[in-house]
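**Q** Predicted model and sequence follow; I will ask about them next.
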Amino acid sequence: MSSVIRVALAGNALGDYIFGLDPQLLVDTAITILAMFALFLLLSYLLFNPARDLLQKRQAHIKEQLDAAAKEKQDAIEFKAEYDTKLKDVDKEAEEILSETRKKAMKKENDIINEAKEEASRILDRANHEVELEKSKVKDEVKQEMISVATAMAGKIVASSLDDDKQSQLIADTLKEMGDETWLS
């Protein structure tokens, strides 16, 4: 390898270059490499860093969205559990309301039946009272009839002074006309 460099250096002196390497080319190459490195740094600063920042922001945004989605999913699971619990509570509450309504209906039914029984009792009491009044009226009429019969009998007795046999016969006849039930009431 050192023989190649010697040949190249010797060739430089002689005017023949191996691979066309001369000092100007090496300087130009070094300047080009430095310019490319500076351009890389400049483009990195102007393009790569903003692109990197944009990608980092995008990653952060996606991470936030994933976290928000996970939180919303957890909230949805909790909400569903709460909803299921409330739904069960609603079923229990509906059953309690129905039970209470049935109890109220039974109480109302019993109240209506009791009112009907009381009304029937009042009607029966009124009817019994009317029957008693009617009996009393009939008794009064029977008494009036007895008085009129007794008056008529007394008039007959006075009209004909009858002996004791005739009077007993007349009383017996009068009692037969009125009937035995009149005296028993």
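**A** Yes, it's here.
**Q** gap between stretch 98-107 and the chain center?
**A** 17 Å (CA atoms, centre = their mean, to the nearest Å).
**Q** Now do that stretch, average pLDDT.
**A** Regarding stretch 98-107, the rounded mean pLDDT is 93.
**Q** Also stretch 146-153?
**A** 78.
**Q** Quick check: longest helix in the chain by residues?
**A** helix 49-159 (DSSP state H).
**Q** Which elements pack onto the following helix or strand past that one?
**A** Going down the chain from helix 49-159, the next helix or strand is helix 164-178, by DSSP states H and E. When contacts are defined as 3 or more CB pairs under 8 Å, 6 or more residues apart in numbering; DSSP states H and E, helix 164-178 sits against helix 49-159. (Glycine included, C-beta is placed from N, CA and C.)
**Q** Taking helix 164-178 as reference, get the angle to the helix it packs on.
**A** Going by axes from the mean of the first three to the mean of the last three CA atoms, to 10 degrees, helix 49-159 is angled at 160 degrees with respect to helix 164-178.
**Q** so who does the most centrally placed residue in the chain touch?
**A** The chain has residue 90 as the residue nearest its centroid, 4.9 Å off, counting by CA atoms, centre = their mean. If a contact means CB atoms under 8 Å, 6 or more residues apart in numbering, then residue 90 has no contacts.
**Q** Could you tell me how far it is located from residue 83?
**A** Residue 90 is 10 Å from residue 83, where distance means CB to CB, to the nearest Å.
**Q** Same check on residue 54?
**A** In terms of CB to CB, residue 54 sits 41 Å off from residue 83.
**Q** Which helix or which strand is home to residue 21?
**A** Here residue 21 is assigned to no helix or strand, by DSSP H and E.
**Q** Got the confidence number for it?
**A** 76.
**Q** Same question for residue 120.
**A** For residue 120, pLDDT reads 92.
**Q** ok, it - how many residues close by?
**A** 10 (other CB atoms under 10 Å).
**Q** quick one: contacts for residue 177?
**A** So residue 177 contacts residue 149 (CB under 8 Å, 6+ apart).
**Q** Return the distance of it relative to residue 97.
**A** 76 Å.
**Q** try residue 27
**A** In this view, residue 27 and residue 97 are 99 Å apart by CB to CB.
**Q** residue ranges with poor pLDDT in this protein?
**A** 1-19, 157-162, 179-185 (pLDDT under 70).
**Q** 80 instead, please
**A** 1-21, 49, 147, 150-168, 170-171, 174-175, 177-185 (pLDDT under 80).
**Q** Would you quantify the distance from residue 63 to residue 25?
**A** For residue 63 relative to residue 25 (CB to CB), the value is 51 Å.
**Q** for residue 33, same thing?
**A** Taking CB to CB, one finds residue 33 at 12 Å from residue 25.
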